[in-house]
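Novice: compute the structure for the input listed below.
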Amino acid sequence: MTATYPTGKVLTYYALFGGGIGGLIHLIGVMLFPINETISRHSWQHGGLNNFFLAMLAAIAFGTLFGFIPSILTSIIIVLRKIVLSSVWQYFRLFVIGCFVTFFIFVIAFHDINRLFTSNTLVTWSGILVFNGRVAIVGGLSSVIVGKLVLPKS
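Specialist: Purely as a prediction, here's the structure:
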């Protein structure tokens, strides 16, 4: 382990780049695995290069907006744990931390908490798991990418 842990660097890089990278990952996922027929691979092929760059800029902007709080909380947990990339297990830890933080932030932000605990329907809970599960995987991947760039290696 290094003598001094780069706390400021980790917090700054996650805050600046965590959400934007997550937005790009989400855009790639939507392009490769379209949700419906309106957004299909065919529409991306005929949209042109300018539209693609506009979509990338929009994905970075919305990712930064919606991913700012999860990326900050993820970086705080990483700094408190002083994670150093020494093995594959550490990358898995980054992924799990990013997934759980993103999942719970999006559940708190976008769902009615009272309805979650008073509703016992499988449809409600499975819908929440499917929607937030995709977002959580994006948060985990973003956490690993930014961690690879900024965290110390042993």
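Novice: contacts, neighbours, all on C-alpha from now
Specialist: Noted.
Novice: average pLDDT for stretch 71-82, rounded please.
Specialist: Across stretch 71-82, pLDDT averages out at 95.
Novice: tell me the buried residues in that stretch?
Specialist: 71-79 (16 or more other Cα atoms under 10 Å).
Novice: now Lys153: phi and psi?
Specialist: Dihedral angles of Lys153 (phi, psi; degrees, to the nearest 10) stand at phi -110, psi 150.
Novice: I'd say it and Ile83 touch.
Specialist: No. Lys153 is beyond contact range of Ile83, at 9.3 Å (criterion: Cα atoms under 8 Å).
Novice: and the longest helix seen in the chain, how far out from the chain middle?
Specialist: Using DSSP state H, we find that the single longest helix of the chain is helix 49-81. Offset of helix 49-81 from its chain centre (Cα atoms, centre = their mean, to the nearest Å): 7 Å.
Novice: equivalent analysis for stretch 15-34, please.
Specialist: For stretch 15-34, the distance to the chain centre is 8 Å (Cα atoms, centre = their mean).
Novice: alpha carbons of that stretch, as CSV, please.
Specialist: Coordinates of each C-alpha in stretch 15-34 appear next as CSV, following Å, rounded to 0.1, in the frame of the first residue of the first chain:
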residue,chain,number,x,y,z
ALA,A,15,-17.3,13.5,-8.7
LEU,A,16,-16.3,14.8,-12.1
PHE,A,17,-16.2,11.6,-14.2
GLY,A,18,-18.3,8.9,-12.5
GLY,A,19,-21.7,10.0,-13.7
GLY,A,20,-20.6,11.0,-17.2
ILE,A,21,-19.0,7.6,-17.7
GLY,A,22,-22.1,6.0,-16.4
GLY,A,23,-24.2,8.0,-18.9
LEU,A,24,-21.9,6.8,-21.8
ILE,A,25,-22.2,3.2,-20.6
HIS,A,26,-26.0,3.6,-20.5
LEU,A,27,-26.0,5.0,-24.0
ILE,A,28,-24.0,2.1,-25.3
GLY,A,29,-26.4,-0.3,-23.6
VAL,A,30,-29.4,1.3,-25.1
MET,A,31,-27.7,1.2,-28.6
LEU,A,32,-26.8,-2.5,-28.3
PHE,A,33,-29.9,-3.7,-26.4
PRO,A,34,-32.8,-1.5,-27.4
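Novice: no further queries at this time; thank you.
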